[in-house]
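**Q** Build the 3D model from these lines:
(one chain, ligands or ions: 1)
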Amino acid sequence: MYNTESCTGQAADTALQLRGGRGYETAASLDARGEHPFPMERVLRDARINRIVEGTTDVMHLFLAREALDKHLTLAGGLFKKGGLGSKMGTIAKCAAFSPARYAKLLLGIFRSMVADARLAGPMRAIDAATRRLARALFHRMVLMGPKLEMRQLTLNRLVDIGVELGVRALGASRAQRELDAGDTSGLSRALYWLEARSLFVEDLFTALSRNVDKASRAVSAEMMEQAEALPEVDSSGLSAILHDRGRDLTSGRVGTRAVEETAAAK
Ligand SMILES: Cc1cc2nc3c(=O)[nH]c(=O)nc-3n(C[C@H](O)[C@H](O)[C@H](O)COP(=O)(O)OP(=O)(O)OC[C@H]3O[C@@H](n4cnc5c(N)ncnc54)[C@H](O)[C@@H]3O)c2cc1C
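**A** Presented below is the predicted three-dimensional model:
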């Protein structure tokens, strides 16, 4: 997700900007003017599809948020439901059994022990600390909002984005370490720059968890939806049911099996 959301799109957009008007032109238009026909606008258009196919950006965020929340909601869900003191105490006991093990894992600093080089130790400690901060932020929001948290997509998106960023930064640092272990220092300055730059980005996401305009945004969206004009009705009377789901069949291999079956039936 990091590659399709943050990386490819931004890289393609920056590359198009660097080429200016030539970036915006199609390869055919450039060719006709005798310019080098590099299809930069096509690259940007093609990069953009990654936020739609195989799960849109928005839906992927929901999936990841569910992964992060499910265990907690299963364990602590009883606290938010109606019930007697006994059942709530039982829920608290279940959480108490789970949470120490989880937080102990976070405290162990697994990543730090993997990174030997002093230049990478600082960024790795920052990832460790931010990971624990993310766990606390998630926990606090669950306590404050309860099951309503599931409906707070903008908050969930930020939590997911922080998790993705931290995962990718940890991978980046471990790759830099591997290169150093092999005696290759050529990528180190880029890695250190990138780790620092992304840590500032994560800092902004943490800030936005508590300082944001989500409430106003919801109100404005509701107002705009209220005033919006509906699109014209589509005439679907000429449509018929699709015999086979070609998209799903292609990805599952069913289309090949069916071709064999149809050939056999025709004989
Ligand atoms: C070039 C191309 C190739 C494709 N190839 C294949 C293929 O090979 N196989 C295949 O199966 N499909 C394919 N698709 C279909 C593709 O998977 C779908 O377009 C994609 O899953 C999005 O579904 P949708 O277009 O119905 O959008 P919708 O589901 O209608 O979504 C519209 C918008 O609403 C947002 N949205 C929807 N639900 C929520 C929600 N709960 N919360 C917040 N936002 C939401 C979406 O993120 C999106 O921005 C292809 C599409 C294109 C354009």
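
**Q** how much space between Val234 and Leu171?
**A** Look at Val234 and Leu171: by CB to CB, to the nearest Å, they are 45 Å apart. C-beta: built from backbone N, CA, C; applies to glycine.

**Q** what about the stretch 101-250 of the chain, any weak spots by pLDDT?
**A** Scanning the stretch 101-250 of the chain for pLDDT under 70 picks out the ranges 101-115.

**Q** Spell out which residues of it are next to the ligand.
**A** Gly247, Arg248, Leu250 (CB under 6 Å from any ligand atom).

**Q** Which ones among those map onto helices?
**A** Gly247, Arg248, Leu250 (DSSP state H).

**Q** For Glu262, see how far away the last one is.
**A** When distances are taken as CB to CB, Leu250 and Glu262 turn out to be 15 Å apart.

**Q** and what of Asp249?
**A** 12 Å.

**Q** Show me which of these two is the more surrounded one.
**A** Asp249 (14 against 9; other CB atoms under 10 Å).

**Q** Isn't that one up against Ala259?
**A** No - with contact defined as CB atoms under 8 Å, Asp249 does not count as touching Ala259 (10.2 Å).

**Q** Helices along the stretch 151-267 of the chain, start to end?
**A** For the stretch 151-267 of the chain, the helices defined by DSSP state H, counting those that start in this stretch occupy 153-181, 188-210, 214-227, 246-252, 254-266.

**Q** How many residues are close by the residue in the stretch 151-267 of the chain positioned nearest to the ligand?
**A** Going by CB to the nearest ligand atom, the ligand is nearest to Gly247 of the stretch 151-267 of the chain, at 3.1 Å. Gly247 has 11 neighbours, counted by other CB under 10 Å.

**Q** Over to Ile162?
**A** 23.

**Q** Could you do Ala197 as well?
**A** 9.

**Q** what comes up buried for stretch 124-131?
**A** Met124, Ala126, Ile127, Asp128, Ala130, Thr131 (16 or more other CB atoms under 10 Å).
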